[in-house]
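S.K.: Sequence isn't available, so here's the structure alone:
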């Protein structure tokens, strides 16, 4: 059985109007605001990794 990963707290300062609008958007669409922030972070990391992989592949092909 996999051991649960330890989690850390992440605090950011946000313009109150932005936070209010984001929470309202999530509420209207039945989304968890914290979960949406985490999904965004994961997408950024996945995109960066994918970009690096594609760049490396292109550079290898160009060098051939």
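M.R.: Happy to help now that I have it. None of the values given here were measured: they were computed from a predicted structure. Numbers count the residues shown, from 1 in each chain.
S.K.: Which residue ranges of this protein form helices?
M.R.: Here the chain has its helices, by DSSP state H, at 16-28, 33-63.
S.K.: So what's the gap between the longest one and the chain middle?
M.R.: Think helix 33-63. Distance of helix 33-63 from the chain centroid (CA atoms, centre = their mean, to the nearest Å) equals 10 Å.
S.K.: orientation of that helix relative to helix 16-28 in degrees?
M.R.: Our comparison of helix 33-63 with helix 16-28, counting by axes from the mean of the first three to the mean of the last three CA atoms, to 10 degrees, yields an angle of 100 degrees.
S.K.: helices or strands up against helix 33-63?
M.R.: helix 16-28 (3 or more CB pairs under 8 Å, 6 or more residues apart in numbering; DSSP states H and E). C-beta here means a position set from N, CA and C on the backbone, and glycine is covered the same way.
S.K.: count of neighbours near residue 15?
M.R.: 8 (other CB atoms under 10 Å).
S.K.: burial measure for residue 26, as a count.
M.R.: 16.
S.K.: That one and residue 7: what is the separation?
M.R.: 20 Å (CB to CB, to the nearest Å).
S.K.: Comparing the helices of the chain by mean pLDDT, which bottoms out?
M.R.: For those, mean pLDDT drops lowest on helix 33-63, to a mean of 87.
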